[in-house]
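In: Sharing a model prediction with you, sequence too.
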Amino acid sequence: MRRGAVSYLPLLILAALWELVTRLGLVSRALLPPFSVVLVALAHMLADGSLLRNAVPSLLRGAAGLALAIVAGFGLGAGMALLPRFRAAFGPLVQAFYPLPKTALVPLVMVWFGLGDTAKIVLIFLGCLLPVILGTYNGIRGVDHVLVWSARSLGASRRDVLREVLLPAAMPQILIGLRTATAFAFLLMVASELIIANNGLGFLIGSLGDDGAYPAMFAAILTITALGFLADRGFAALSAHLLRWRT
Amino acid sequence: MTDPSVPTGIVITGLSHDYTPRAGTRVRALEDVSLTVATGSFHALLGPSGCGKSTLLYCIGGFLPVQTGSIRTDRGLVTDPGPDRGVVFQNFALFPWKTVLQNILYGIGKRGIRGAEARDRAQHFIDLVHLTGFEASFPGQLSGGMQQRAALARTLAAEPDILLMDEPFGALDAQTRRIMQEELLGIWRQTRQTVVFVTHDVAEAVYLSDAISVMSARPGRIRRTLSAGFNRAADPAVFKRPDFTEQVELIWQMVRAEVDDARRPAPA
């Protein structure tokens, strides 16, 4: 654990440099408020509840979109991996949809689903869907067929094989897909809230920026960074636990 | 064990098998193979690489479809994989996400046995293959020899009638291999299951088997089936006996002839 803490030393150095260049006047305070000033703004926003009031809806949207994407993405990925007809039907769609930046869909989704939570959840869902599909598909396709054979010769039915062999064997790939999806969830959450919202961390950044409240805006950015970091670390810990057999 | 499984023989009649590589034309892997494996006997399939001996084993396992001919056990025609035919693979095929104990419990659980009884059975087979103390290890933490012991225990614990072994010791070093051969023979003398054992190691086949079928190179045919029978007496020095080395030499000449045949260009 101590080594873990030491590995974050570069972040501390970055914060110190940030403070230094602004205090020495190397960078205009109008463009970059000192780190300490940002921390003070952060404390204010924690105290008056504005941070929490905006973080909660953001996280709920992110979690909802991600959860839907995990369910649908796993179904589609597994279907494509196991059923040739399913693969023939959905494979080209996935390939065509893959390179499209999902942020390009923001205006369209807003038109279709309105300005409320639904549109944002749909957008996050669409962004997270592909990494989950691809992780599941590649994971299952890559399973050594001998593992399936050995399960079958030990008495597993065809039905058992998906849950008892393919899913755990594909888990490393699936988790890589989920990790990418989690990052995309944050990306699309902020992007959609920046464009149209009346609450959320993306909205907060946008409106504070418009008001010229830069220390508070940086505080909101730091908050998103911290939440994304915590989500990723939590995810890494979950992966390490699920994949503890890989030594 | 409360219900020892009934050893079952295998009757293969006129079995041919073709496969189509991803890019290319159909290849005949097995040609009109007929073979009877006596109940409770240890039967080796021996031949040069690419002779279809593994294909034959996987047909018996039910993993590859029977295209022409038939395979029959006491339980009827083989159409699918089933727990009556346990398989030990060259690369172990243990579930890497399960511990040794969990791997061995898998097949026991599939037989509907749970709880303390399942645990006792698993322990019996863990002890049998000398893996006591490694119950909680994951396969990735074990040596190749230990992984193959675990795989053997997992297959034995499902109590199949027939044991299908695909070069099970092929991935092991020479010393481990010799020890595993001795232990397998010791276990088989207790269980007396019907065993089909694929190998390209002539001495291994002669040491372990009641009968040895020598196969020809592609398309795979059964060239000859010979009896060996050195496996019945527990004699670790059998490798040095003149009649043993003579038998190995004789069979080696046959395999050698098949390899030479395969090297000769096919007639136009």
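Out: Thanks, I have it.

In: okay, now the residue in the stretch 51-200 of chain B that chain A sits nearest to: neighbour count?
Out: Using CB to the nearest CB, the point where the stretch 51-200 of chain B gets nearest to chain A is B:K110, with a distance of 3.2 Å. Placement of C-beta: from N, CA and C, glycine included. Residues within reach of B:K110, counting by other CB atoms under 10 Å in any protein chain shown, total 17.

In: got the residues of chain A near chain B?
Out: Proximity of chain A to chain B, by CB under 8 Å from any CB of the partner chain, involves residues A:144, A:146-147, A:149-156, A:164-165, A:168-169, A:171, A:243-247.

In: Which positions in chain B make contact with chain A?
Out: Among all residues of chain B, those adjacent to chain A (criterion: CB under 8 Å from any CB) are B:58, B:61-63, B:80-83, B:85-87, B:89, B:91, B:93-98, B:106-107, B:110-111, B:138-141, B:154-155, B:158, B:160, B:164.

In: Give me the buried subset of those residues.
Out: Those of those that meet the buried threshold are B:58, B:61-63, B:81-83, B:85-87, B:89, B:91, B:93-98, B:106-107, B:110, B:138-139, B:154-155, B:158, B:160, B:164, by 16 or more other CB atoms under 10 Å in any protein chain shown.

In: Low-confidence stretches in chain B?
Out: Counting by pLDDT under 70, chain B contains low-confidence ranges at B:1-7, B:234, B:262, B:264-268.

In: The residue nearest the centre of chain A: what secondary structure?
Out: Central residue of chain A (CA atoms, centre = their mean): A:T182, 2.1 Å from the mean position. Counting by DSSP: H, G, I helix; E, B strand; the rest coil, the backbone at A:T182 sits in helix.

In: I'd like to know how far it sits from chain B.
Out: 22 Å (CB to the nearest CB, to the nearest Å).

In: Which neighbouring elements make contact with the helix or strand where A:P168 lies?
Out: Here A:P168 sits within helix A:167-195, counting by DSSP states H and E. For helix A:167-195, the contact count by 3 or more CB pairs under 8 Å, 6 or more residues apart in numbering or on different chains; DSSP states H and E identifies helix A:50-82, helix A:106-113, helix A:117-141, helix A:201-211, helix A:214-242 as packing neighbours.

In: In contact with whatever residue of chain A ends up closest to chain B, which residues?
Out: Using CB to the nearest CB, the single residue of chain A nearest to chain B is A:G155, 3.2 Å away. Shown here is A:G155, whose contacts under the criterion CB atoms under 8 Å, 6 or more residues apart in numbering or on different chains are B:G82, B:P83, B:G107, B:K110, B:R111, B:A158.

In: just checking, the fifth one touches B:A122?
Out: Translated: B:R111. No: with contact defined as CB atoms under 8 Å, B:R111 does not reach B:A122; the gap is 11.8 Å.

In: Out of the buried ones among the residues of chain B next to chain A, name the ones that lie in strands.
Out: With strands taken from DSSP state E, the overlap with these comprises B:R85, B:G86, B:V87, B:L164.

In: Could you export these as TSV, including distance to B:Q67?
Out: Supplementary listing: those in TSV, determined by distance: CB to CB, whole Å:
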residue	distance to B:Q67
B:R85	19
B:G86	24
B:V87	20
B:L164	19
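
In: what's the closest of those residues to A:L178?
Out: Nearest to A:L178 among these, counting by CB to CB, is B:V87 at 33.4 Å.

In: distance from the centroid: which residue in chain A tops it?
Out: Largest separation from the mean C-alpha position in chain A: A:S153, at 40.0 Å (CA atoms, centre = their mean).

In: Any idea how many residues pack against A:D48?
Out: When counting by other CB under 10 Å, one arrives at 10 neighbours for A:D48.

In: got the phi/psi numbers for it?
Out: Backbone torsions for A:D48, taken as degrees, to the nearest 10, come to phi -80, psi 0.

In: Contact partners for it?
Out: Shown here is A:D48, which makes no contacts under the criterion CB under 8 Å, 6+ apart.

In: still on that earlier bit, distance check, the residue of the stretch 51-200 of chain B closest to chain A against B:R154.
Out: 11 Å (CB to CB, to the nearest Å).

In: Can you pull out the residues in contact with stretch A:168-180?
Out: Judged by CB under 8 Å, 6+ apart, the contacts made with stretch A:168-180 from elsewhere in the structure are A:70, A:73-74, A:77, A:131-136, A:138-140, A:142-144, A:147, A:167, A:232, A:235-236, A:238-239, A:242-243, A:246, B:95-97.

In: Report the central residue of chain B.
Out: Of the residues in chain B (compared using CA atoms, centre = their mean), B:M165 is nearest the centre, at 1.6 Å.

In: Surely that residue is in contact with B:G86?
Out: No: between B:M165 and B:G86 there is no contact, the gap being 9.1 Å when judged by CB under 8 Å.
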